[in-house]
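Visitor: any chance you could fold what I've pasted below:
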Amino acid sequence: MKRFFFLVLIFQNAFSQEIPLNVQKLIKAYPDQIIGYKDNKIIFSDKSSLIYDDFKNKTNQELLDNPDIEDHFKFIYHKAEKNLIPKEDPGRIRNEVFFKKIYGNSKSEVESKMTEIVWCPKLVNQKIKVTTVNGIDKIVKKISAELDNKPEFKKYITDIGGTFSWRKISGTNRLSMHSYGMTIDINVKNSNYWQWDCKCKNEEATLTYRNQIPLKLVSIFEKYGFIWGGNWKHYDTMHFEYRPELLL
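Guide: Coordinates of the predicted model:
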């Protein structure tokens with residue numbers, strides 16, 4: 001019996017070594033959609049696959065415009081525990097085809113998986129639409145319930161700026177993550193966005209970081225798998241996005 005368990009352990013270790021660590025994170029984060037990895041390809045539940053690493057060196061702009069899945073992990077996401085000025089954009093690099101595989105390939109397909117919930121019934125009582133994929137609607141309800149008991153955050157969570165909206169990111173040809181119904185923009189009036197502050201859309205512009213969102217509020221979102229746009233050099237402090245693989 002001991003020999004059996006020893007062999008099982010060896011097999012599990014060998015399996016883990018064959019699969020890159022960041023792919024393991026993806027499998028753990030999206031277990032209903034991603035079922036494996038082979039020959040540098042992510043294998044999805046419908047038996048389709050996508051190249052994981054194209055092994056290309058990319059400029060910052062190329063990382064935004066044409067990333068592979070491995071590029072998602074280019075920059076390490078650190079939880080917002082200190083008032084540090086971000087120097088990189090962890091989580092802002094996104095392979096569009098990958099997220100379409102997870103959430104839907106078109107506006108109508110994404111909409112077919114949406115549901116409506118009441119955001120913070122006591123403090124706000126606002127109806128918002130979120131996806132049911134990966135149980136995100138249930139996760140958002142948990143965040144809502146926790147924030148509903150934090151009246152000190154009311155001005156930041158009232159008048160939600162947006163959840164689902166199939167559209168391009170301003171000034172780009174890239175599809176916004178709001179297109180998948182897995183993001184939340186909290187109150188716009190108490191937030192900062194790099195394009196608004198520099199009055200430009202130039203990725204190479206010199207930016208002065210600004211933020212009004214309390215980090216204790218951010219930590220609640222992070223606890224449930226949402227990353228924060230205030231953790232980016234190109235800051236978007238109202239923005240929260242479900243990316244649990246970056247927090248594992």
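Visitor: ok, now which ones touch the closest residue to R167 other than its chain neighbours?
Guide: If the residues on either side of it in the chain are set aside, R167 comes closest to S176, at 5.2 Å by Cβ to Cβ, 6 or more residues apart in numbering. Every residue, glycine included, has its C-beta placed from N, CA and C. Neighbour list for S176: S165, R167, K168, I169 [criterion: Cβ atoms under 8 Å, 6 or more residues apart in numbering].
Visitor: same question, A29
Guide: G225, R243, P244, E245, L248.
Visitor: any of the residues you listed buried? List them.
Guide: G225, R243, P244, E245 (16 or more other Cβ atoms under 10 Å).
Visitor: which two of those residues have the greatest separation?
Guide: Put simply, by Cβ to Cβ the two of the buried ones among the contacts of A29 set farthest apart are G225 and E245, 8.7 Å from each other.
Visitor: quick one on the thing from earlier: R92: which of the contacts of S176 is nearest?
Guide: Closest to R92, out of all of the contacts of S176 and judged by Cβ to Cβ, is I169, at 10.0 Å.
Visitor: quick check: that closest one touching L175?
Guide: Yes - when contacts are counted by Cβ atoms under 8 Å, I169 is listed as touching L175 (7.4 Å).
Visitor: distance of the closest residue to S165 other than its chain neighbours from L247?
Guide: Leaving aside its chain neighbours, S165 sits nearest to H178 (4.5 Å; criterion: Cβ to Cβ, 6+ apart). H178 sits at a distance of 20 Å from L247 (criterion: Cβ to Cβ, to the nearest Å).
Visitor: the more surrounded of these two?
Guide: H178 (20 against 17; other Cβ atoms under 10 Å).
Visitor: can you classify the more buried one by secondary structure?
Guide: What DSSP: H, G, I helix; E, B strand; the rest coil gives for H178 is helix.
Visitor: ok, it - contacts?
Guide: Applying Cβ under 8 Å, 6+ apart, the residues near H178 are G162, T163, F164, S165, W166, R167, D185.
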